[in-house]
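>>> structure for this input, please:
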Amino acid sequence: RVQLVESGGGSVQSGGSLRLSCAAADYAVGTYCMGWFRQAPGKEREGVAVIDSDGSTSNADSVKGRFTISQDNAKNTLYLQMNSLTPEDTATYYCAARGDFYCSGSYTFWGQGTQVTVSS
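Numbering: from 1, shown residues only. Next comes the predicted model:
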(Lines give C-alpha, C1' and ligand atoms only; values in the text may rest on other atoms or scores of the structure.)
Protein backbone atom coordinates (compact mmCIF):
# COMPACT_ATOMS: atom_id res chain seq x y z
CA ARG A 1 0.00 0.00 0.00
CA VAL A 2 1.08 3.59 -0.54
CA GLN A 3 2.99 5.17 2.31
CA LEU A 4 4.22 8.74 2.59
CA VAL A 5 6.62 9.50 5.43
CA GLU A 6 7.56 13.08 6.23
CA SER A 7 10.68 14.15 8.06
CA GLY A 8 12.73 17.27 8.64
CA GLY A 9 10.42 19.25 10.87
CA GLY A 10 11.64 20.94 14.00
CA SER A 11 11.97 24.19 15.89
CA VAL A 12 13.73 27.19 14.40
CA GLN A 13 13.92 30.90 15.03
CA SER A 14 12.27 33.44 12.80
CA GLY A 15 14.30 33.91 9.63
CA GLY A 16 15.63 30.38 9.72
CA SER A 17 15.29 27.55 7.23
CA LEU A 18 14.17 23.95 7.19
CA ARG A 19 13.90 21.30 4.49
CA LEU A 20 11.09 18.81 4.72
CA SER A 21 11.31 15.44 3.03
CA CYS A 22 8.56 13.01 2.06
CA ALA A 23 9.70 9.49 1.25
CA ALA A 24 7.20 7.49 -0.76
CA ALA A 25 6.63 3.74 -0.81
CA ASP A 26 4.55 1.96 -3.46
CA TYR A 27 4.14 5.29 -5.23
CA ALA A 28 6.36 6.69 -7.96
CA VAL A 29 7.32 10.26 -7.18
CA GLY A 30 7.30 12.31 -10.35
CA THR A 31 4.54 10.33 -12.01
CA TYR A 32 1.53 12.13 -10.59
CA CYS A 33 0.74 15.31 -8.71
CA MET A 34 2.08 15.70 -5.19
CA GLY A 35 1.86 18.54 -2.72
CA TRP A 36 2.56 19.94 0.70
CA PHE A 37 -0.19 21.12 3.01
CA ARG A 38 -0.17 22.53 6.52
CA GLN A 39 -2.53 22.94 9.41
CA ALA A 40 -2.04 25.26 12.34
CA PRO A 41 -3.93 24.80 15.63
CA GLY A 42 -7.47 26.09 15.31
CA LYS A 43 -7.14 26.68 11.58
CA GLU A 44 -8.19 24.80 8.49
CA ARG A 45 -5.69 22.84 6.47
CA GLU A 46 -4.25 24.87 3.61
CA GLY A 47 -2.27 24.06 0.52
CA VAL A 48 1.33 25.24 0.55
CA ALA A 49 2.86 24.03 -2.71
CA VAL A 50 2.16 21.48 -5.41
CA ILE A 51 4.09 19.91 -8.25
CA ASP A 52 2.46 18.11 -11.15
CA SER A 53 3.63 15.36 -13.44
CA ASP A 54 5.58 17.63 -15.80
CA GLY A 55 7.36 19.39 -12.94
CA SER A 56 5.26 22.54 -12.94
CA THR A 57 4.92 24.01 -9.48
CA SER A 58 2.54 26.34 -7.74
CA ASN A 59 2.86 27.98 -4.34
CA ALA A 60 0.39 29.61 -2.03
CA ASP A 61 0.72 33.39 -1.96
CA SER A 62 1.77 33.28 1.68
CA VAL A 63 4.93 31.32 0.87
CA LYS A 64 5.88 32.62 -2.59
CA GLY A 65 9.51 33.58 -2.78
CA ARG A 66 10.30 31.68 0.44
CA PHE A 67 9.30 28.02 -0.09
CA THR A 68 10.32 25.72 -2.94
CA ILE A 69 8.83 22.34 -3.74
CA SER A 70 10.95 19.82 -5.58
CA GLN A 71 11.24 16.10 -6.17
CA ASP A 72 14.00 13.56 -6.65
CA ASN A 73 12.66 10.71 -8.73
CA ALA A 74 15.73 8.55 -8.14
CA LYS A 75 15.27 8.83 -4.38
CA ASN A 76 11.49 8.67 -4.70
CA THR A 77 11.28 11.67 -2.39
CA LEU A 78 9.42 14.98 -2.37
CA TYR A 79 10.98 18.03 -0.70
CA LEU A 80 9.91 21.39 0.63
CA GLN A 81 12.68 23.91 1.16
CA MET A 82 11.46 26.59 3.54
CA ASN A 83 13.44 29.82 3.94
CA SER A 84 12.81 33.05 5.81
CA LEU A 85 10.46 31.28 8.19
CA THR A 86 8.12 33.32 10.36
CA PRO A 87 5.98 32.37 13.38
CA GLU A 88 2.99 32.33 11.00
CA ASP A 89 4.53 29.28 9.33
CA THR A 90 4.15 27.25 12.53
CA ALA A 91 1.99 24.23 11.70
CA THR A 92 1.93 20.53 11.08
CA TYR A 93 3.07 19.94 7.51
CA TYR A 94 1.67 17.08 5.46
CA CYS A 95 2.81 15.47 2.26
CA ALA A 96 0.03 14.33 -0.07
CA ALA A 97 -0.25 12.55 -3.39
CA ARG A 98 -2.85 12.07 -6.10
CA GLY A 99 -3.36 9.31 -8.63
CA ASP A 100 -3.66 11.89 -11.40
CA PHE A 101 -1.20 13.88 -13.49
CA TYR A 102 -2.59 17.26 -12.55
CA CYS A 103 -3.14 18.98 -9.25
CA SER A 104 -6.78 19.96 -9.36
CA GLY A 105 -9.01 17.90 -7.13
CA SER A 106 -8.66 15.94 -3.93
CA TYR A 107 -5.61 14.04 -2.73
CA THR A 108 -5.82 10.32 -2.12
CA PHE A 109 -2.73 9.60 -0.05
CA TRP A 110 -1.48 11.48 3.02
CA GLY A 111 1.50 11.29 5.31
CA GLN A 112 1.33 11.47 9.08
CA GLY A 113 2.68 15.00 9.26
CA THR A 114 5.75 16.68 10.68
CA GLN A 115 5.68 19.61 13.10
CA VAL A 116 7.32 22.91 12.27
CA THR A 117 7.58 25.50 15.02
CA VAL A 118 9.01 28.96 14.37
CA SER A 119 9.76 31.20 17.32
CA SER A 120 10.12 34.96 17.17
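
>>> for the nearest residue to Tyr27 once chain neighbours are set aside, give its distance to Asn76.
Using CB to CB, 6 or more residues apart in numbering and skipping residues adjacent in sequence, the residue nearest Tyr27 is Val2, 4.6 Å away. From N, CA and C alone the C-beta is placed, and that goes for glycine too. For Val2, the distance to Asn76 (CB to CB, to the nearest Å) stands at 12 Å.

>>> now name the helix or strand holding the residue positioned nearest the centre of the chain.
With distances taken as CA atoms, centre = their mean, Trp36 lies nearest the centre of the chain, 2.5 Å away. Following DSSP states H and E, one finds Trp36 within strand 34-39.

>>> packing partners of that strand?
strand 18-25, strand 46-51, strand 67-72, strand 77-82, strand 91-97 (3 or more CB pairs under 8 Å, 6 or more residues apart in numbering; DSSP states H and E).

>>> avg pLDDT for it?
Here strand 34-39 scores 98 as its mean pLDDT.

>>> over to stretch 105-115?
In the prediction, stretch 105-115 has an average pLDDT of 95.

>>> before we move on, back to that, for the residue nearest to the centre of the chain, list the residues it contacts.
20, 22, 47-50, 67, 69, 78, 80, 93-96 (CB atoms under 8 Å, 6 or more residues apart in numbering).

>>> cutoff 6 Å now
Trp36 makes contact with Val48, Ala49, Leu80, according to CB atoms under 6 Å, 6 or more residues apart in numbering.

>>> quick one: which of those residues is most hemmed in?
Among the contacts of Trp36, Leu80 has the most neighbours (other CB atoms under 10 Å), with 27 neighbours.

>>> can you report phi and psi for Pro87?
phi -60, psi -30 (degrees, to the nearest 10).
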